[in-house]
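Enquirer: have a look at this prediction, sequence included:
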Amino acid sequence: MKKHKQIEKNTPLESSRNLEKAMQRMRLSQAERNNALFDLKELEVARLTILADELKPLFKQIPKDSRFACAIVETTKPRLWIDILSYVVMASDRRRYKLIRERIDTIETIHTTVDYHEMADVVENYIAARLVEKERAHTEEDYFSQVLTTASKPGYISLMISFGAGIVSICIGLALASYIQTQDWQFWRAFFE
């Protein structure tokens with residue numbers, strides 16, 4: 001039989017591992033990483049601020065009733081909002097600007113560039129295109145409102161009422177004719193003889 005080595009109960013077990021020191025090292029490491037991430041976020045905000053300053057004169061020219069705004073929102077990924085659907089963010093390399101448009105089913109990258117002047121030009125063209133779309137939509141709305149206004153004039157209303165009354169009387173006549181054909185003709189014969 002093998003004899004096992006017995007450990008005396010009076011001698012403490014010494015270990016080179018210390019959980020408290022390991023936890024302290026991890027806390028320090030996480031704090032350093034958080035500081036680095038905070039610095040990177042500040043860098044992104046600074047770059048977006050430079051672009052926002054470049055776009056301020058453009059946003060002053062936009063009509064007040066439009067839904068465009070030049071606002072930096074500092075979330076986990078800072079964004080420079082252009083309108084409800086589009087914004088500019090820094091790419092993963094933190095050097096390139098990305099103009100992004102979100103839709104219900106997709107996220108579309110419209111343009112990516114390192115130069116903030118170029119991105120300002122792209123944003124300007126994007127806003128101009130959206131304003132032209134809005135004008136065209138208002139023109140179509142004006143056309144349909146004219147059609148509805150014309151249709152609501154008194155002459156058109158009486159014409160529509162007459163047309164409706166004619167359709168209803170035709171339907172009643174057809175219903176009566178089909179009812180008479182299915183009934184016994186005894187009553188009608190006696191009546192006409």
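Expert: Nice, thanks for sending it over. Numbers count the residues shown, from 1 in each chain.

Enquirer: the closest residue to residue 103 other than its chain neighbours and residue 67, how far apart?
Expert: Using CB to CB, 6 or more residues apart in numbering and skipping residues adjacent in sequence, the residue nearest residue 103 is residue 85, 7.0 Å away. The way it works is simple: take the backbone N, C-alpha and C, and place the C-beta from them, glycine included. Distance of residue 85 to residue 67, given as CB to CB, to the nearest Å: 9 Å.

Enquirer: before we move on, what SS does residue 53 have?
Expert: Under DSSP: H, G, I helix; E, B strand; the rest coil, residue 53 falls in the helix class.

Enquirer: who has more neighbours out of residue 85 and residue 67?
Expert: residue 85 (14 against 11; other CB atoms under 10 Å).

Enquirer: this structure: strands as residue ranges?
Expert: Applying DSSP state E to the chain gives strands spanning 71-73, 79-81, 86-90, 97-102, 107-113.

Enquirer: by mean pLDDT, show me the worst of the ones you listed.
Expert: With a mean of 88, strand 71-73 has the lowest mean pLDDT of the strands of the chain.

Enquirer: helices or strands up against it?
Expert: Helices and strands touching strand 71-73, by 3 or more CB pairs under 8 Å, 6 or more residues apart in numbering; DSSP states H and E, are helix 19-61, strand 79-81.

Enquirer: recalculate using a threshold of 10 Å.
Expert: Using 3 or more CB pairs under 10 Å, 6 or more residues apart in numbering; DSSP states H and E as the contact test, the elements touching strand 71-73 are helix 19-61, strand 79-81, strand 86-90.

Enquirer: average pLDDT for the longest one?
Expert: The one in question is helix 19-61. The average pLDDT within helix 19-61 is 80.

Enquirer: report the angle between the axes of it and strand 86-90?
Expert: Interaxial angle, helix 19-61 versus strand 86-90 (axes from the mean of the first three to the mean of the last three CA atoms, to 10 degrees): 130 degrees.

Enquirer: elements contacting helix 19-61?
Expert: Using 3+ CB pairs under 10 Å, 6+ apart: helix 19-61 touches strand 71-73, strand 79-81, strand 86-90, strand 97-102, helix 116-151.

Enquirer: the same query, at a cut-off of 7 Å, please.
Expert: On a contact count with 3 or more CB pairs under 7 Å, 6 or more residues apart in numbering; DSSP states H and E, helix 19-61 meets strand 71-73, strand 79-81, strand 86-90, helix 116-151.

Enquirer: ok, residues contacting the second one?
Expert: Applying CB atoms under 7 Å, 6 or more residues apart in numbering, the contact partners of strand 79-81 are 48, 51, 52, 69, 70, 71, 72, 73, 87, 88, 89.

Enquirer: pretty sure residue 48 contacts residue 77?
Expert: No - applying CB atoms under 7 Å as the test, residue 48 and residue 77 come out as separate, 10.6 Å apart.
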